[in-house]
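>>> Below are the sequence and a predicted model; questions follow.
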Amino acid sequence: MNSWMKIEEFCALVNLDILAVHALIDEGKLLSKEANGECFVEVSRSAHALIPATKGIVVDEAYEGASVSMSSEFVEKTVGAILNLHEKVLDAKEETLDALKGENRFLKEALFSMQELYDEDRKTIETLTKQLELLQDELEFTKRKYKMMWNKAVESYTPSAE
């Protein structure tokens, strides 16, 4: 599996300047490709080209005279492990982004559904309010009609003379 990295990131990873990396590409020691106007370097094979293939010992005197020795095979395996972990992190990141996108789609659909229900409820409330107003007007009319009828009946009522 090929692992491609932008040339700037590769330079930072291997602690080389871009001109040195371009020189190695021109010599054929590093694999590269152009995509979308950017230069990418193939990481795993390039790591093997940068690390000497001898079975010698690498000596690091980073801590006040103390030396740490490592074989080139150990360094190659370490770089490979780091690159493998980097790929796993990128895969996990993409899975997380996909999960979040799916969750966002679900929430968006739920929101649209809630909005539709709200609109339907609002229309129902408007219809019921109009019907209530009409019924109140009809009730007021009926009250006036019966009041007039009873007033007329009371006025025309004459008690019987018994």
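That came through, no problem.
>>> Can you verify residue 34 is assigned to a helix?
No - assessed with DSSP: H, G, I helix; E, B strand; the rest coil, residue 34 is strand; it does not lie in a helix.
>>> nearest residue to it other than its sequence neighbours?
residue 40 (7.6 Å; CB to CB, 6 or more residues apart in numbering). Quick note: C-beta positions are derived from backbone N, CA and C, even for glycine.
>>> In the chain, where is pLDDT below threshold?
Within the chain, the ranges that satisfy pLDDT under 70 run 1-2, 45-70, 161-162.
>>> mind listing the helices for it?
Assigned by DSSP state H, the helices in the chain fall at 7-14, 18-27, 43-50, 72-156.
>>> TSV for the ones you listed, including mean neighbour count?
Below are the helices of the chain laid out as TSV (neighbours: other CB atoms under 10 Å):
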stretch	mean neighbour count
helix 7-14	16
helix 18-27	14
helix 43-50	18
helix 72-156	11
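>>> Nearest to residue 34, out of the ones you listed?
helix 7-14 (10.2 Å; CB to CB).
>>> For the closest one, which helices and strands make contact with it?
helix 18-27, strand 38-42, helix 43-50 (3 or more CB pairs under 8 Å, 6 or more residues apart in numbering; DSSP states H and E).
>>> Would you mind splitting this protein into its domains for me?
Annotated domains of the chain cover 1-50, 53-124 [automatic domain parsing].
>>> want to throw the ones you listed into CSV with distance to residue 158?
Below are the domains of the chain laid out as CSV (distance: least, CB to CB, whole Å):
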stretch, distance to residue 158
domain 1-50, 106
domain 53-124, 54
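>>> do you know which of the ones you listed lies nearest residue 147?
Nearest to residue 147 among these is domain 53-124; the distance by CB to CB comes to 34.5 Å.
>>> residues contacting residue 104?
Going by CB atoms under 8 Å, 6 or more residues apart in numbering, residue 104 touches no other residue.
>>> What separation do you get for it and residue 91?
Between residue 104 and residue 91 the computed distance is 20 Å (CB to CB, to the nearest Å).
>>> Look up the residues forming beta bridges with the residue nearest to residue 34.
residue 6, residue 33 (DSSP bridges).
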